[in-house]
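In: Dropping a prediction and its sequence here:
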Amino acid sequence: MTSDDEGRPGRLPGAAGPGRAPFAHRAPAPDATAHRAPAPAPDAGSASAPDAVTCRGLRYAFGETRAVDGVDLSVRPGEVFGLLGPNGAGKTTAIRCITTLLSVPAGMVRVFGHDAAKERMAVRRLLGYVPQQLSADAGLTGRENVALFARVFDVPRRERAARVAQALAAVGLTDAAGRLANTYSGGMVRRLELAQALVSAPRLLMLDEPTIGLDPIARTSVWEHINAVRAATGMTVLVTTHYMDEADQYCDRVALMHHGRIRALGTPDELRAALSARRRAARTAAPPTAPGTPTPTPAPAASPASAVSPSAAPSRSSDAAPTLEDVFRDVAGSGLDEQSGDFRDVRSTRRTAHRVG
Ligand SMILES: Nc1ncnc2c1ncn2[C@@H]1O[C@H](COP(=O)(O)OP(=O)(O)O)[C@@H](O)[C@H]1O
Ligand SMILES: [Mg+2]
């Protein structure tokens with residue numbers, strides 16, 4: 001059993017001392033900004049510490065569909081990085097490439113310096129993955145589900161019981177651990193899946209739409225547990241979501257993805273500030289409209305301001321502080337409007353709560 005030959009800094013603090021809670025469980029922070037993790041050092045991805053994830057020209061096609069079409073990004077160790085975009089943007093495909101579930105040529109994906117094509121097992125040992133689809137077994141108890149993952153991920157036998165208990169405690173499911181998963185609420189199922197992914201003490205936790213379909217209270221709870229574990233272990237989190245408000249609140253940096261490509265990347269504050277600056281510049285540069293000139297449909301992303309169509313934000317003045325969704329509309333251009341229903345429709349693609357319940 002060689003479950004851990006990578007010297008993981010994300011190793012559970014309690015693993016060496018049975019009975020000690022590994023995940024320091026913190027009381028929810030009182031304000032929104034406190035939820036966001038402390039920003040990692042800007043140069044955390046230096047040569048001495050490889051980036052948690054590096055994608056260089058990442059491409060993946062399903063037949064004629066170019067699901068991921070040349071993605072470059074780096075996720076720094078210890079940060080919460082959000083991959084944002086509407087349904088069909090390519091988020092899940094990108095995530096699957098990084099997990100090695102989809103094969104890509106050498107040089108496109110590295111995880112903590114390991115090439116996903118050449119060192120597949122080394123990559124897999126470093127990550128925990130909560131897929132968009134249901135991964136908990138409704139016919140098993142919470143504890144049995146997590147124990148199953150402990151075996152699959154080769155957690156040493158002597159550590160298993162303690163690690164399973166620790167993972168369950170970390171997501172607040174100790175009391176419910178003996179119940180069948182089909183008695184859990186949607187939020188509890190998602191936290192159970194989180195425990196399944198955490199039991200191997202991953203250095204990189206990958207979450208694909210972790211809160212889709214959950215009510216706001218359950219969403220907050222899932223995030224608080226993610227952040228508590230992260231604060232205790234220093235693990236890196238790569239998360240996909242189409243909830244812009246959530247990404248704004250919880251992610252250190254985000255990449256806005258549309259039609260397989262990254263359209264913008266930065267901290268939520270940076271992206272909002274950049275849009276404000278573009279709006280100011282557009283207002284300054286905009287020529288006065290000639291009298292009698294018919295007002296055309298806004299040209300597709302002809303200028304940054306025109307991409308924010310009146311129908312997209314009818315009540316917002318361009319002087320208002322932009323939201324992350326405003327940024328997305330700006331960088332995605334007109335293509336987003338025809339897909340905007342997907343922001344809502346995507347909820348139906350995940351039915352965890354209903355399928356398990
Ligand atoms: N297994 C598949 N076979 C064929 N096409 C797929 C498959 N998975 C995804 N796609 C297509 O790839 C594109 C990106 O999908 P996906 O990565 O699931 O996006 P997202 O996770 O952002 O919703 C979409 O056009 C989708 O229809
Ligand atoms: Mg997806």
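Out: Looks like it arrived, so ask away. Ligands and ions are numbered 1, 2, ... in the order given.

In: use CA for all of it now, contacts and neighbours both
Out: Noted.

In: Apart from its neighbours in sequence, what residue is nearest the closest residue to ligand 1 within the stretch 151-300 of the chain?
Out: Taking Cα to the nearest ligand atom as the measure, the point where the stretch 151-300 of the chain comes nearest ligand 1 is residue 260, at 7.0 Å. With sequence-adjacent residues excluded and distances taken as Cα to Cα, 6 or more residues apart in numbering, residue 260 is closest to residue 68, at 4.0 Å.

In: Just list whatever residues bridge to the one you found.
Out: Taking DSSP bridges as the rule, residue 68 bridges to residue 60.

In: Hmm, residue 92 and it touching each other?
Out: No - contact status for residue 68 versus residue 92: not in contact, 9.5 Å apart, counting by Cα atoms under 8 Å.

In: and these two? which has more neighbours close in?
Out: Using other Cα atoms under 10 Å, the more surrounded residue of residue 68 and residue 92 is residue 68, with 26 against 21.

In: could you list every residue that touches the more buried one?
Out: Each residue near residue 68 by Cα atoms under 8 Å, 6 or more residues apart in numbering is listed here: 58, 59, 60, 61, 90, 93, 94, 259, 260, 261.

In: Quick check: which element contains the residue positioned nearest the centre of the chain?
Out: Taking Cα atoms, centre = their mean as the criterion, residue 239 is the residue nearest the geometric centre of the chain, at 0.8 Å. Secondary-structure assignment from DSSP states H and E places residue 239 in strand 236-241.

In: Go through the contacts of residue 68 and flag which are in helices.
Out: 93, 94 (DSSP state H).

In: and residue 162, that's in a helix?
Out: Yes - judged by DSSP: H, G, I helix; E, B strand; the rest coil, residue 162 forms part of a helix.

In: now it: how far from residue 136?
Out: Remark: distance between residue 162 and residue 136 (Cα to Cα, to the nearest Å) = 20 Å.

In: Which of those two has more residues huddled nearby?
Out: It is residue 136, of residue 162 and residue 136, that has more neighbours when counted by other Cα under 10 Å, with 25 against 20.

In: any idea which helix or strand carries that one?
Out: Using DSSP H and E, residue 136 falls within no helix or strand.

In: residues in contact with it?
Out: The neighbours of residue 136, taking Cα under 8 Å, 6+ apart as the test, are 145, 181, 189, 192, 193.

In: Quick check: residues of this structure near ligand 1?
Out: 62, 67, 85, 86, 87, 88, 89, 90, 91, 92, 93 (Cα under 6 Å from any ligand atom).

In: now the strands for the stretch 51-200 of the chain?
Out: Ranges of strands within the stretch 51-200 of the chain are 53-62, 65-75, 80-84, 109-111, 114-115, 127-130, based on DSSP state E, counting those that start in this stretch.

In: how about those, which one is nearest residue 323?
Out: Closest approach to residue 323 among these (Cα to Cα): strand 80-84, 13.7 Å.

In: And the pLDDT at residue 146?
Out: Per-residue pLDDT puts residue 146 at 97.

In: what does stretch 174-181 rub up against?
Out: Residues outside stretch 174-181 that contact it (Cα under 8 Å, 6+ apart): 136, 137, 138, 139, 140, 141, 142, 143, 165, 168, 189, 356.

In: Just put the residues you listed in CSV and tack on distance to residue 271 and pLDDT.
Out: What follows is the contacts of stretch 174-181, written out as CSV (distance: Cα to Cα, whole Å; pLDDT from 0 to 100):
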residue, distance to residue 271, pLDDT
136, 36, 94
137, 40, 95
138, 41, 94
139, 45, 95
140, 44, 97
141, 43, 98
142, 40, 98
143, 42, 98
165, 40, 96
168, 36, 96
189, 33, 94
356, 38, 43
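
In: so of the residues you listed, which ones are in helices?
Out: Judged by DSSP H, the contacts of stretch 174-181 include 142, 143, 165, 168, 189, 356 as members of helices.

In: Which stretches in the stretch 201-350 of the chain count as strands?
Out: Counting by DSSP E, counting those that start in this stretch, the stretch 201-350 of the chain has strands at residues 204-208, 236-241, 253-258, 261-266.

In: State the mean pLDDT of the last one.
Out: Mean per-residue pLDDT for strand 261-266: 95.

In: Return the distance of that strand from the chain's centre.
Out: 14 Å (Cα atoms, centre = their mean, to the nearest Å).

In: partners of it in the sheet?
Out: Short version: by DSSP bridges, strand 261-266 pairs with strand 253-258 (antiparallel).

In: which residues in the stretch 101-250 of the chain form helices?
Out: Secondary structure of the stretch 101-250 of the chain by DSSP state H, counting those that start in this stretch: the helices cover 120-126, 142-152, 157-170, 186-198, 216-233, 244-250.
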